[in-house]
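A.B. asks: Sequence first, then the predicted structure, then my questions.
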Amino acid sequence: MKWLLIGVIVAATTVGEVLQAKGMRHHGEIRDFRPGALGRAAAALARNRFVIGSVLAMAVSFFAYMGLLTVSELSFAVPATAITYVLETALAKYVLKERVTWRRWLGASLVICGVALVSQ
């Protein structure tokens, strides 16, 4: 059961964060932090389909994480779900067309090593 929950968490978090990045790029930079302007930005974001999808995916991830904590220890759950960093790096490069340097790939590789160590 814990590996199923980890899979759900990893998938939902990865999808949620990629959608969030896409949604914010679609929306554009928030430059005005006065209350009225923040309200308008929040209203626009609430209508952004990428942001809505991100919120839903992150909600799935949150509840799956709560479930994971009922069947495993925190010291296992946190590193095991860190594989999202690797997937997000790959999706940033291939879906969002970001420039990912070799240092970022190296960092993602170190995360994979850590996940492998914890899962034993």
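C.D. replies: That came through, no problem. Numbering: from 1, shown residues only.
A.B. asks: Have a look at the protein and report the helix or strand with the lowest mean pLDDT.
C.D. replies: Scoring the helices and strands of the chain by mean pLDDT, DSSP states H and E places helix 35-46 at the bottom, with a mean of 81.
A.B. asks: ok, residues contacting that helix?
C.D. replies: 23, 27, 30, 32, 51-52 (CB atoms under 8 Å, 6 or more residues apart in numbering). (Each C-beta comes from the backbone N, C-alpha and C, glycine too.)
A.B. asks: Give the buried residues for it.
C.D. replies: 41, 45 (16 or more other CB atoms under 10 Å).
A.B. asks: still on that earlier bit, a markdown table for the contacts of helix 35-46, including neighbour count, distance to Phe63 and secondary structure?
C.D. replies: Shown next, in a markdown table, are the contacts of helix 35-46 (neighbours: other CB atoms under 10 Å; distance: CB to CB, whole Å; DSSP: H, G, I helix; E, B strand; the rest coil):
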| residue | neighbour count | distance to Phe63 | secondary structure |
| --- | --- | --- | --- |
| Gly23 | 18 | 21 | helix |
| His27 | 15 | 26 | helix |
| Ile30 | 14 | 28 | coil |
| Asp32 | 11 | 34 | coil |
| Val51 | 19 | 19 | helix |
| Ile52 | 14 | 17 | helix |
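A.B. asks: mind putting those in a markdown table, pLDDT and distance to Thr14 included?
C.D. replies: Output for the contacts of helix 35-46, formatted as a markdown table (pLDDT from 0 to 100; distance: CB to CB, whole Å):
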| residue | pLDDT | distance to Thr14 |
| --- | --- | --- |
| Gly23 | 90 | 15 |
| His27 | 74 | 21 |
| Ile30 | 72 | 24 |
| Asp32 | 75 | 31 |
| Val51 | 92 | 16 |
| Ile52 | 95 | 17 |
